[in-house]
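Engineer: Test case, fold it:
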Amino acid sequence: MDVRDVSLIALWVLSLINLVLILRVVTEARRGINARSATAGTGHGELALNAPAPPFRARDLSGRRVTDEAFTGGVVLIFVSPDCGSCHTMLPMAHALAARAREADGTEFVLVSSAGPGRTKSWLADLERDHDLRVTLSVLVAPTDATPFVTEYDPQGLFPYFVMVDGDDTVRARGIVGYEDWRTLANGWPGRESAEVPAATAGPTP
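Structural biologist: Sure, this is the predicted structure:
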């Protein structure tokens with residue numbers, strides 16, 4: 001066997017090894033895609049009900065650091081994005097429900113924006129102008145490049161999305177605003193203003 005034959009055999013061996021490695025990578029990638037497809041839209045990855053809520057940190061519109069320890073009573077966190085049309089539409093309804101909840105048992109409603117303070121302030125100004133409404137809800141900003149707050153509480157990236165946490169830091173309800181879980185939550189407080197909003201949209205998280 002001459003040198004050329006040895007080189008040819010070595011080349012074939014290397015090609016086979018590369019092929020095996022490529023097939024393994026493709027197989028693993030397909031498994032990952034199938035797993036994500038199987039869980040899409042099923043609530044997989046959402047916070048467990050009646051379980052402790054994860055600690056979080058964010059900032060208010062003035063830049064002050066805020067953590068979960070700032071909320072000692074019940075709180076409904078509503079996750080929004082300036083790129084979400086449904087978030088724009090649901091604001092008056094959320095304001096009405098927040099007033100009912102505060103009066104009934106002291107539950108506080110808080111908007112959590114996935115954008116930074118500049119975009120969030122501009123978005124709120126547009127909301128106030130379009131709805132002739134002054135935003136009185138507390139507002140937190142939690143860009144994903146600064147804190148995992150939004151991705152931990154709203155893992156599917158659907159907006160508007162809510163999580164209710166009671167005074168013992170336990171998750172009591174969560175889901176898409178305007179859907180069944182939200183309507184159940186709304187009906188727990190006096191009054192019957194509409195709890196409906198257009199379907200939530202998956203929006204980019206700035």
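Engineer: now the residue most central in space within the chain: how far from residue 144?
Structural biologist: The structure's the chain has its C-alpha centroid closest to residue 154; by Cα atoms, centre = their mean the separation is 2.5 Å. Computed as Cβ to Cβ, to the nearest Å, the residue 154 to residue 144 distance reads 10 Å. For every residue, glycine as well, the C-beta is placed using N, CA and C.
Engineer: on that earlier part again, these two touch, right, the residue nearest to the centre of the chain and residue 81?
Structural biologist: No. Using Cβ atoms under 8 Å, residue 154 is not in contact with residue 81; the gap is 9.7 Å.
Engineer: Let me see the residues that make contact with whichever strand or helix holds residue 128.
Structural biologist: Using DSSP states H and E, residue 128 sits within helix 117-131. With contacts defined as Cβ atoms under 8 Å, 6 or more residues apart in numbering, helix 117-131 is touched by 59, 61, 63, 82, 88, 91-92, 113, 115, 133-135, 139, 141, 206.
Engineer: Pull out the buried positions in it.
Structural biologist: Within helix 117-131, the residues that qualify as buried are 117, 119, 120, 121, 123, 124, 127, counting by 16 or more other Cβ atoms under 10 Å.
Engineer: Please apply the same query to stretch 135-147.
Structural biologist: Applying a neighbour-count criterion of 16+ other Cβ under 10 Å, one finds 137, 138, 139, 140, 141, 142, 143, 147 buried in stretch 135-147.
Engineer: What is the end-to-end distance of that stretch?
Structural biologist: 24 Å (Cα to Cα, to the nearest Å).
Engineer: Stretch 62-77 now?
Structural biologist: So stretch 62-77: terminal residues 19 Å apart, Cα to Cα.
Engineer: Could you do stretch 143-154 as well?
Structural biologist: The distance separating the two terminal residues of stretch 143-154, taken as Cα to Cα, comes to 13 Å.
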